[in-house]
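Participant: just to be clear, the model below is a prediction. Sequence and coordinates:
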Amino acid sequence: MFRRFFSVGPVLAGKEIDLCPRGRNAADLTTGIRESHTYDICLPGTRTAVGYVSLRLGESPELYYLGHIGYRVEEDFRGHGYAGKAVAMLYPVMERLGLASVVITTDTDNVPSRVTCERLGCILERVVTVPMKYRPLCMMSPAKCRYILRVPKTGQGGGMGA
């Protein structure tokens, strides 16, 4: 478990988790990300981070394999659906940014992440081989599942809620 103290933007409060913003990052040409919004996943009112969720904006060959959404939950806090709840809490943010759909990629053998995508209502687009030049960016994964998540227009529903 790690701790982080926040001063950037409002906390997105949910029933089971809060999303505490780390901030916006500018373009990163090495990853093909135009801009990203990263939030620590925190237990309500604690400001103790148990994971993170990132929304990456842009389109590039790198993002094709990396995906628009990234998440991680620390091992001691897995099994509560926090990753899916965090993604669902970002629906209003995605809607405000005008996103109709986003891509979530996961390793082919990461069953919990694949279940998260399915619970969110994602559609498996395809399984792709990651070219050698993008593997360092993708933690040396040889292949990725590309899931498409349609962003609900209302900012509610369409998957898991917090």
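Facilitator: Now that the structure is in, tell me what you want to look at.
Participant: lowest-confidence helix or strand of the protein?
Facilitator: Ranked by mean pLDDT, DSSP states H and E, the weakest helix or strand in the chain is strand 2-3, scoring a mean of 38.
Participant: list the helices and strands the next helix or strand after that strand packs on?
Facilitator: Counting by DSSP states H and E, the next helix or strand C-terminal to strand 2-3 is strand 12-13. The contact analysis (3 or more CB pairs under 8 Å, 6 or more residues apart in numbering; DSSP states H and E) places strand 12-13 against strand 18-25. C-betas here are computed from N, CA, C, even on glycine.
Participant: pLDDT averaged over the strand it packs on - what is it?
Facilitator: In this model, strand 18-25 has a mean pLDDT of 84.
Participant: any chance you could list what contacts the very next helix or strand once past it?
Facilitator: Counting by DSSP H and E, the next helix or strand C-terminal to strand 18-25 is strand 35-42. Residues outside strand 35-42 that contact it (CB atoms under 8 Å, 6 or more residues apart in numbering) are 4, 6, 11-12, 17-28, 48-58, 71, 73, 82-83, 86, 90, 93.
Participant: run the last query once more with 6 Å
Facilitator: 4, 17-22, 24-25, 48-57, 82, 86 (CB atoms under 6 Å, 6 or more residues apart in numbering).
Participant: can you select the buried ones from those in ChimeraX?
Facilitator: Under the burial definition 16 or more other CB atoms under 10 Å, those of the contacts of strand 35-42 that qualify are selected in ChimeraX by:
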select :17,18,19,20,21,22,25,49,50,51,52,53,54,55,56,57,82,86
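Participant: pretty sure residue 62 sits in a strand.
Facilitator: No. Per DSSP: H, G, I helix; E, B strand; the rest coil, residue 62 lies outside any strand segment and is helix.
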